[in-house]
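Visitor: Return atomic coordinates for the entry below.
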Amino acid sequence: MIDVSLLSPVCFTVLGVDVYWYGVAYVVGMILAVMYAHHLLRRSGETILSVQDVDAFVPWAWVGILVGGRLGHVVFYGWSYYAHHLMEIVKFRDGGMSFHGGLLGVGVAVFVFCSRRHISVLSLMDIASTVAPIGLFLGRVANFVNNELYGIPTKMPWGCTFRGAVEPRHPTQLYEAMLEGVITFAVMFFLWKRHPKRSGVLTAVFLLCYATSRILVDFVKDTPHHLGLTMGQWLSIELVAVSLGLLLSALRKREDLLDFLS
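Guide: Below you'll find the predicted structure:
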């Protein structure tokens, strides 16, 4: 059994201001994702999308992630509270971000950015989807260190003791780090090398991998249920439908489907 309650959510302090592991994970994740995107584009000789396009999109991505993630948390998970405490919505340091909200925010940012620069929406979404598992992995590890989003009680030898929980719990943050981060990264890496210019396919597969991982892990997460499922599961079921629709659209022709499966 691991006692996670001993870990501090504060990474370091500068001039009396605490810098949290979660914030560090966001920054490091973005830096590594951009570096990896540069590497992929240069090695593949991509002409539809350039390294300069990726760099120019970074500020847009930040806005999409932060604003979308925060509003997603407010609307999907805490509206009954925030409806009566509107000023609390802007208090990012108090925590509360939603992947599904961040995804919507980034989606809007991609569409606006691409329309302004006249570049392919799906090409940018594909590269973003390929590098996104890096940030997801670091974010879930930060959740673990922060003692948040843990699972239901377990007697498994890898059960962990978290702050606010008396008995050992499933380390669902690490489950998600492996599924959404490591495994999804490997799948995306393989598909990028095999289908580097299949517009929309990489995005669809990434969404499908994330949604499937989230649905599975939420069965052992200590989260409120609505009609038998968590809010994350309901949102991820919708994401599965979107990803399958996008995948079928990208593989309309029979030869495209056979090539993808081969």
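
Visitor: Return the set of buried residues in the helix or strand where Tyr36 lies.
Guide: According to DSSP states H and E, Tyr36 maps onto helix 21-44. Counting neighbours by 16 or more other Cβ atoms under 10 Å, one finds that the buried residues in helix 21-44 are 21-22, 25-26, 29-30, 33-34, 36-37, 40-41. All C-beta atoms are positioned from the backbone trio N, CA, C, and that covers glycine.

Visitor: could you pull out the helices for the stretch 1-150 of the chain?
Guide: Chain-ordered helices for the stretch 1-150 of the chain, with DSSP state H, counting those that start in this stretch as the definition, fall at 21-44, 51-77, 79-82, 99-117, 121-145.

Visitor: on contacts alone, who are the packing partners of the first one?
Guide: This points to helix 21-44. Using 3 or more Cβ pairs under 8 Å, 6 or more residues apart in numbering; DSSP states H and E as the contact test, the elements touching helix 21-44 are strand 10-14, helix 51-77, helix 121-145.

Visitor: how about 7 Å then?
Guide: helix 51-77, helix 121-145 (3 or more Cβ pairs under 7 Å, 6 or more residues apart in numbering; DSSP states H and E).

Visitor: low pLDDT regions in the stretch 151-262 of the chain?
Guide: Where the stretch 151-262 of the chain drops to pLDDT under 70, the residues are 195-198, 253-262.

Visitor: Go again with 80.
Guide: Counting by pLDDT under 80, the stretch 151-262 of the chain contains low-confidence ranges at 194-198, 251-262.

Visitor: Residues touching stretch 134-142, excluding its own?
Guide: By Cβ atoms under 7 Å, 6 or more residues apart in numbering, the surrounding residues in contact with stretch 134-142 are 21-22, 25, 28-30, 32-33, 36, 173, 176-177, 180-182, 185.

Visitor: In this structure Val187 contacts Cys209, no?
Guide: Yes: taking Cβ atoms under 7 Å as the definition, Val187 is a contact partner of Cys209 at 5.9 Å.

Visitor: Name the residue in those two with the higher neighbour count.
Guide: When Val187 and Cys209 are compared on other Cβ atoms under 10 Å, the one with more neighbours turns out to be Cys209, at 21 against 17.

Visitor: Tyr210: how many residues sit nearby?
Guide: Neighbours of Tyr210 (other Cβ under 10 Å): 25.

Visitor: Helices of the stretch 151-262 of the chain, start to end?
Guide: Using DSSP H, counting those that start in this stretch, the helices of the stretch 151-262 of the chain run over 172-176, 184-194, 201-217, 231-250, 254-261.

Visitor: Distance to Thr223 added to those helices, as CSV?
Guide: Compiled in CSV, the helices of the stretch 151-262 of the chain are given as follows (distance: least, Cβ to Cβ, whole Å):
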stretch, distance to Thr223
helix 172-176, 9
helix 184-194, 21
helix 201-217, 10
helix 231-250, 7
helix 254-261, 34
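
Visitor: quick one: which of the contacts of stretch 134-142 is nearest to Tyr82?
Guide: Closest to Tyr82 out of those is Tyr22 (19.7 Å), distances taken as Cβ to Cβ.

Visitor: mind checking the end-to-end distance for stretch 76-96?
Guide: Stretch 76-96 has an end-to-end distance of 11 Å (criterion: Cα to Cα, to the nearest Å).

Visitor: which residues are in contact with that stretch?
Guide: With Cβ under 7 Å, 6+ apart as the test, stretch 76-96 has contacts from 66, 70, 73-74, 98, 100-101, 231, 235.
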